[in-house]
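Asker: could you work out the structure for the sequence below:
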Amino acid sequence: MLAVRRARQPSGITGLAVVNVLRTPGRTIVGAVSLGVGVTALTLLVAVTLAFRGAVVGTLLGNVVTVQVRGVDYVAVAATVILGVLAVADALLISITERAPELATLRAFGWPEAALRRMVITEGALTGLTGSVAGAALGLAGAAIFARQLPPPLFAAAATTAVAGVLVTCLAALLPAHLLRRLPAAQLLAQE
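Answerer: Model prediction:
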């Protein structure tokens, strides 16, 4: 005989946010990877600037190669990070649109608007944390390959870029969270 298992109920706003992020893994992965690419590049640039004084010298197929960081590199990386953050915000916006009847039901059951906003911001933070930590780790690994060592400034650079990625993603999640107010709760509940 098969044992019947009860579904675990998410506890609190963070638990519900985790469930919502895991509900659409493809969308979450796209947002996290988009942000991760920018954080990886930013980690590498900051590592080269701090640990290697803006230039890395190495050999490639027997030839000496010098890579020097310029201002335009930071502009390109900033654009990449911004696109990653916008990908996370877009994924949140699509998720809110798809879950509009659920969110209207939560509001009808008495959930305060602030709790729903915190849930959406937490979803963005979870996606941002995933992408930022993965990107910082990849950037740290790339910098370690260049340096053939891991000096402390590289760890500081990776941690700083990961934290910055999460913070910027949380700021970008404020717009989808603010748009929750515009959901027509009465119409959505009537359609259900």
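Asker: I'd assumed residue 87 was in contact with residue 172.
Answerer: No: using C-beta atoms under 8 Å, residue 172 makes no contact with residue 87, being 9.5 Å away. Yep, even glycine has a C-beta here, placed from its N, CA and C like the rest.
Asker: which SSE is the residue nearest to the spatial centre of the chain in?
Answerer: Residue closest to the mean C-alpha point of the chain, counted by C-alpha atoms, centre = their mean, is residue 128 at 1.7 Å. Residue 128 is located in helix 113-147, with elements delineated by DSSP states H and E.
Asker: and for residue 26?
Answerer: Per DSSP H and E: residue 26 is located in helix 25-51.
Asker: enumerate the positions of that helix that are buried.
Answerer: For helix 25-51, burial by neighbour count (16 or more other C-beta atoms under 10 Å) applies to 27-28, 30-32, 34-51.
Asker: returning to what we had before: avg pLDDT for the helix holding residue 128?
Answerer: Helix 113-147 shows an average pLDDT of 90 in the prediction.
Asker: swap in stretch 47-62?
Answerer: Mean predicted confidence for stretch 47-62 is 72.
Asker: residue 140 versus residue 112, what's the distance?
Answerer: From residue 112 over to residue 140 the distance is 40 Å, taken as C-beta to C-beta, to the nearest Å.
Asker: counting neighbours, go ahead and name the busier of these two.
Answerer: When residue 112 and residue 140 are compared for neighbours, residue 140 comes out ahead with 22 against 10, by other C-beta atoms under 10 Å.
Asker: need the contact list for the residue nearest to that one when sequence neighbours are not counted.
Answerer: Once flanking residues are discounted, residue 140 sits nearest to residue 158: 4.1 Å by C-beta to C-beta, 6 or more residues apart in numbering. Contacts for residue 158 (C-beta atoms under 8 Å, 6 or more residues apart in numbering) come out as 43, 47, 136, 137, 139, 140, 143.
Asker: shouldn't the fifth one be in contact with residue 47?
Answerer: Yes: with contact defined as C-beta under 8 Å, residue 139 and residue 47 form a contacting pair (6.7 Å).
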